[in-house]
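[1] Attaching a predicted model along with its sequence, questions to come.
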Amino acid sequence: MRIAALGVGIAVMALAAPPARAHHSYAMYDGTVYRVFTGVIVRIVPNAAHFEMHFVPLNDARDALVRDDKGQPFVWVAQMESAAQAFKDGITRESFPQGTVFSMGIHPRRDGKPAGDRGMSGLFQCPKGSKPEPGKHCDSVAGNKTFGAGELPKEGAAPKS
């Protein structure tokens, strides 16, 4: 009887406790600016804490991948919301297979590493087999698909409050 009462007491306390919202600092990202990318998916990493999209940007002419000084594709990592939220928004490995062309803005890392956080940017996918015109993004391509809420920010623009 005592053990059952103890079990019920623990269950009630657990249900009444506020959810844990511990999180790392956002200080590594420059939240005052966005860099807007149109790129090609290399890999999707659906971590529980943050969904990640690994991609190679397309050049402004939209006819080649951006490469590093050794000629290798220059891979960026976009950290996004939790995997659960990404799933709710329809963002999965299956909806973004390798080779998918997409556009979104990210708050870049302050240390200059090729990574950033999506923040509140919209995420737009070009239809399979298509890409935007030079200097444009997937939000301008007929038949694009939007994932989650948000618009594509202007390059360098401070986020809306």
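    On my side now, so go ahead. Numbers count the residues shown, from 1 in each chain.

[2] so where is this structure shaky, pLDDT-wise?
    For the chain, applying pLDDT under 70 flags the ranges 1-26, 157-161.

[3] where exactly do the helices run in it?
    Secondary structure of the chain (DSSP state H): helices located at 2-16, 83-88.

[4] From residue 152, how far off is the residue nearest in space to the middle of the chain?
    A centroid search over the chain (C-alpha atoms, centre = their mean) returns residue 80, at 3.6 Å, as the residue closest to the centre. Taking C-beta to C-beta, to the nearest Å as the measure, residue 80 falls 15 Å from residue 152. C-beta here means a position set from N, CA and C on the backbone, and glycine is covered the same way.

[5] What about residue 95, how many residues nearby?
    Applying other C-beta atoms under 10 Å, we find 15 residues neighbouring residue 95.

[6] Contact partners for it?
    When contacts are counted by C-beta atoms under 8 Å, 6 or more residues apart in numbering, residue 95 touches 125, 147.

[7] Which elements pack onto the longest strand seen in the chain?
    In the chain, assigned by DSSP state E, the strand with the most residues is strand 35-46. Under the contact definition 3 or more C-beta pairs under 8 Å, 6 or more residues apart in numbering; DSSP states H and E, strand 35-46 sits against strand 51-57, strand 76-79, helix 83-88, strand 101-108.

[8] just to revisit the earlier point, got the contact list for the residue nearest to the centre of the chain?
    Going by C-beta under 8 Å, 6+ apart, residue 80 touches 50, 51, 52, 53, 86, 91, 117, 118.

[9] hang on, residue 68 packs against residue 74?
    Yes - using C-beta atoms under 8 Å, residue 68 is in contact with residue 74, at 4.8 Å.
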